[in-house]
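Visitor: Turn this into a structure:
(one chain, ligands or ions: 4)
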Amino acid sequence: PTPDTGKLSKLNFSAVSKGLADTVVVPAGYTASVIYALGDPLNSATTAFKNDGTDDSFENRAGDHHDGMEWFGLNAAGSASTTANDRAVLGINHEATTDESPTRLSSFFLHANGGTPTLPRPAFEVDKELAIHGVSFVEVKKTGSTWAYVQNSTFNRRFTTLTDVDLTGPAAGNALLITRYSTDGSKTRGTLNNCGTGKTPWGTFLTGEENWAGYFTRPTGDNAARGNDKSVTALNRYGRTEGTASRHGWESAGSDDQYARWINARTGTSTDGSDDYRNELNGMGWIVEMDAYAPSSRAKKRTGLGRFAHESAAFSLPVVGQALAVYMGDDSRGEYIYKFVSNASWSAADAEPADRLATGAKYLDSGTLYVAKFNSDGTGTWLPLTLAAIPSSYTAYSFADQGDICINARLAADAVGATRMDRPEWCATHPTTGEVYFTLTNNSNRRAAPTGSQYAPDSANPRAYTDVKNAGTTQSGNVNGHIVRIKDGAGNAAATTFTWDVYLFGAEAGASSQWVNLSGLTSDNDFSSPDGLVFSKSTGLCWFQTDDGAYTDVTNCMMLAGIPGQVGDGARKTLAYSATLSVDTYVGAAPTEDTLKRFLVGPVGCEITGLVESPDGKSMFINIQHPGETTAMTAVAAGDPNAASYTSQWPANAGYGAGKRPRSATIVITKNDGGRIGT
Ligand code: FEO
Ligand code: CA
Ligand code: CA
Ligand code: CA
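Guide: Ligands and ions are numbered 1, 2, ... in the order given. Predicted coordinates:
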């Protein structure tokens, strides 16, 4: 039998097969149960979820599109505990809602008839969508061997797009954050498109704001209204060129601040933006810190960590007397990997502080933000993003101060020459080696012969190929993604150099092209488009999850477990594209059937997201995001009687809850013999 403590050297479960069934599949000997789904009420004053599109009061219900998640243990007395295994507050991101198409404005599963798909949107629909995004804190508790969420816990809480939030750090009070809502630039309204998460060494929750830009509209004529100043350069760089429509048309529901703010335009006559929402976009795109244990505490946007399309935030292993580093990715094609290094040195007394958010200010509000440059020889450099580091030759944008650099981190990273990556999603720190793993999910803009906005392969993003397998469609670029890992050099967290290699290249096991299946994947462990990645502190296993559109003709999205080696354990490989283009890359040691296996396959149309374990490693919580995303509006318009035409009816078909509309949900996985997950 496997010992019940220590890190694993061999995976001891039977690999799950790829599959298309509308269910959660886990290995023999394991059980998966739904515990917290879209719409579940958080207090006793809120009615049971009917799941027919007529429910409201989402500020007191589970939000949609469960994503990143963290664990905050509670002892029997309801106090913070780092060792409790049967009671906790879960912090859960609610990233987005399910849309049939980019042009249909209402999220169809949320409304009785699919909602109003065109402008103007009715306020009662928009209010529902405003409240359904954000974060849940929800208590979960094990009674006997059964986990459930606690409907009336005093820890239960929602943050939404309407919650008043503080801005802290170098950009707080900056001229670029002044709005009609906050005329001194100290606050903003809400958090949005919360994707990856992190947990601080002092016990707070970090949530990353990812695809926030698309929720705003910017009217034609705004460039001229701004006098074509540098704010136009910044807005364009973050994806809001003038004349772009918003994702849901929230701005059309009324003139109140909660609707008008989604029009990011210069409409007032002030010089500083205090009478309009010209700077509203600058209030989103941050890592936000929240204290799960303090239900009346405020959320803090930590601007020192930079503004971009955030995924997770992973800390270096804390060492007393040394700086802390926070590693982060910017998930957009050709964007960058960053790290923030604290000015403060780690103190062991801060592991369980009296005031967690004050401790957050100590470590996250002063420090240095860096961006990664990967070299072709397997080394890399962390380039500081400071006024002094911006070369005088860079003229595309002029930075006024460090707050401007944090707000426009992408432009600063352009200026210093960072490496354009294949969509950095989650990162996580190996619990013993301290090496940091980054999923690079895929990149349709990577090409051997790039044109326009495309990029040539480089050593850290070495693949550009064509996949014709997914239902006859052709996809090009880095179709299947990869996982890169870095080892910081001397000084560890504060190091300005690192070494790197590629832990795994995603691939279909049968791929024939010479540069697709570089990691030698088999039918038991092949995958595409890695996204979530979390290390178990109990077993040391590297759990990673897929958000795939290239292999979904063969399998629903999945979760795998790996036992990785370390940077440099493999070999250099040269990919020769042509007589003039060849790329050296570094491929980690090939996995075996003992070190990489598929553990779970999810329901139809879902993405697998988020992962936490109880400290003993015996209860694992993950999220099933947007099952049924492939459903067409015609199926919804017919209403629940026609639910058979929804592509997914999960979790109703797993016995959870009313109605047939598919719902994002948290599930708990346990081993039937009571052992640790993966052993
Ligand atoms: Fe929300 Fe990049 O995943
Ligand atoms: Ca993600
Ligand atoms: Ca993704
Ligand atoms: Ca998703």
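
Visitor: show me the contacts for the residue in the stretch 501-650 of the chain that ligand 3 sits nearest to.
Guide: The minimum distance from the stretch 501-650 of the chain to ligand 3, using C-beta to the ion, falls at D547 (3.5 Å). (Each C-beta comes from the backbone N, C-alpha and C, glycine too.) Counting by C-beta atoms under 8 Å, 6 or more residues apart in numbering, D547 touches E425, T441, S529, D531, G532, C557, E607, I608, T609.

Visitor: One more pass at 10 Å, please.
Guide: Shown in contact with D547 (C-beta atoms under 10 Å, 6 or more residues apart in numbering): 425, 439, 441-442, 481, 528-532, 557, 606-609, 625-626.

Visitor: Of these, which belong to strands?
Guide: Of these, the ones assigned to strands by DSSP state E are E425, T439, P530, D531, G532, E607, I608, T609, Q625.

Visitor: Pipe these into JSON lines and attach pLDDT, neighbour count and distance to D67 per row.
Guide: Shown next, in JSON lines, are those (pLDDT from 0 to 100; neighbours: other C-beta atoms under 10 Å; distance: C-beta to C-beta, whole Å):
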{"residue": "E425", "pLDDT": "98", "neighbour count": "28", "distance to D67": "11"}
{"residue": "T439", "pLDDT": "99", "neighbour count": "33", "distance to D67": "14"}
{"residue": "P530", "pLDDT": "98", "neighbour count": "28", "distance to D67": "15"}
{"residue": "D531", "pLDDT": "98", "neighbour count": "27", "distance to D67": "10"}
{"residue": "G532", "pLDDT": "99", "neighbour count": "31", "distance to D67": "8"}
{"residue": "E607", "pLDDT": "98", "neighbour count": "26", "distance to D67": "9"}
{"residue": "I608", "pLDDT": "98", "neighbour count": "29", "distance to D67": "10"}
{"residue": "T609", "pLDDT": "98", "neighbour count": "32", "distance to D67": "5"}
{"residue": "Q625", "pLDDT": "98", "neighbour count": "29", "distance to D67": "6"}
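
Visitor: Apart from its neighbours in sequence, what residue is nearest the residue sitting nearest the centre point of the chain?
Guide: Centroid check for the chain by C-alpha atoms, centre = their mean gives G196 as the closest residue, at 2.6 Å. Distance criterion C-beta to C-beta, 6 or more residues apart in numbering; nearest residue to G196, sequence neighbours excluded, is S312 at 3.2 Å.

Visitor: go on, S57?
Guide: Distances taken as C-beta to C-beta, 6+ apart place T46 nearest to S57, at 5.3 Å, with adjacent residues excluded.

Visitor: Kindly indicate whether the residue lying farthest from the centre of the chain is helix, strand or coil.
Guide: What lies farthest from the middle of the chain is A579; by C-alpha atoms, centre = their mean that is 39.0 Å. Following DSSP: H, G, I helix; E, B strand; the rest coil, the label given to A579 is coil.

Visitor: which of the residues in the helix or strand of the chain with the lowest mean pLDDT are buried?
Guide: In the chain, no helix or strand scores lower on mean pLDDT, DSSP states H and E than helix 633-637, which sits at a mean of 85. Buried residues in helix 633-637, defined by neighbour count with 16 or more other C-beta atoms under 10 Å: M633, A635, V636.

Visitor: Equivalent analysis for stretch 337-344, please.
Guide: Buried positions in stretch 337-344, judged by neighbour count with 16+ other C-beta under 10 Å: I337, Y338, K339, F340, V341, S342, A344.

Visitor: Just the residues you listed: which are in strands?
Guide: I337, Y338, K339, F340, V341, S342, A344.

Visitor: Make CSV from these and add distance to ligand 3 and pLDDT to it.
Guide: Shown next, in CSV, are those (distance: C-beta to the ion, whole Å; pLDDT from 0 to 100):
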residue, distance to ligand 3, pLDDT
I337, 16, 99
Y338, 18, 99
K339, 21, 98
F340, 23, 98
V341, 27, 98
S342, 29, 98
A344, 33, 98
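
Visitor: Enumerate the residues of this protein near ligand 2.
Guide: Proximity of the chain to ligand 2, by C-beta under 5 Å from the ion, involves residues C195, E425, D531.

Visitor: what's the closest non-adjacent residue to the first one?
Guide: Right, the one you point to is C195. Among residues not flanking C195 along the chain, E210 sits closest, at 3.7 Å (C-beta to C-beta, 6+ apart).

Visitor: Hmm, S332 and the one you found touching each other?
Guide: Yes. E210 is in contact with S332 according to C-beta atoms under 10 Å; the separation is 9.0 Å.

Visitor: Between the two, tell me which one has more neighbours.
Guide: The neighbour comparison of E210 against S332 (other C-beta atoms under 10 Å) goes to E210, with 27 against 20.

Visitor: could you measure P564 against ligand 1, distance?
Guide: 22 Å (C-beta to the nearest ligand atom, to the nearest Å).

Visitor: a helix runs through that residue, doesn't it?
Guide: No. Secondary structure of P564 (three-state DSSP): coil, not part of a helix.

Visitor: Return, as residue ranges, the portions of the chain with sub-threshold pLDDT.
Guide: Along the chain, the parts satisfying pLDDT under 70 run over 1-5, 640-641.

Visitor: what do E210 and S332 both touch?
Guide: Here E210 and S332 share the contacting residues F308, A309, scored by C-beta under 10 Å, 6+ apart.

Visitor: Quick check: closest non-adjacent residue to D86.
Guide: Excluding the flanking residues, the one nearest D86 by C-beta to C-beta, 6+ apart is K142, at 4.0 Å.

Visitor: What's the nearest residue in the stretch 51-200 of the chain when you look at ligand 1?
Guide: As assessed by C-beta to the nearest ligand atom, ligand 1 sits closest to C195 within the stretch 51-200 of the chain, at 3.4 Å.

Visitor: looking at this, that residue is in a strand?
Guide: Yes. The assignment for C195 is a strand, going by three-state DSSP.

Visitor: Contact partners for it?
Guide: Applying C-beta under 10 Å, 6+ apart to C195 gives the contacts 65, 67-68, 93, 95-96, 207-212, 309-312, 331, 425-426, 531-532, 609-610.

Visitor: Just the residues you listed: which are in helices?
Guide: With DSSP state H as the criterion, helices contain none of those.

Visitor: Show me which of the residues you listed are buried.
Guide: Taking 16+ other C-beta under 10 Å as the criterion, what is buried in the contacts of C195 is 65, 67-68, 93, 95-96, 207-212, 309-312, 331, 425-426, 531-532, 609-610.

Visitor: Among those residues, which are located in strands?
Guide: Using DSSP E, these in strands are 67-68, 93, 207-209, 310-312, 425-426, 531-532, 609-610.

Visitor: can you map out the helices along the stretch 401-550 of the chain?
Guide: 402-407, 409-416 (DSSP state H, counting those that start in this stretch).

Visitor: now, of these, which is deepest in the fold?
Guide: helix 402-407 (a mean of 25; mean count of other C-beta atoms under 10 Å).

Visitor: Next one: N525 from ligand 2, what distance?
Guide: Applying C-beta to the ion, to the nearest Å, the value for N525 to ligand 2 is 21 Å.

Visitor: I figured that residue was touching E508, is that so?
Guide: No. Under the criterion of C-beta under 10 Å, N525 is not in contact with E508, lying 11.5 Å apart.

Visitor: Dump the helices of the stretch 401-550 of the chain to TSV, plus distance to A354.
Guide: Listed next are the helices of the stretch 401-550 of the chain as TSV, based on distance: least, C-beta to C-beta, whole Å:
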stretch	distance to A354
helix 402-407	28
helix 409-416	32
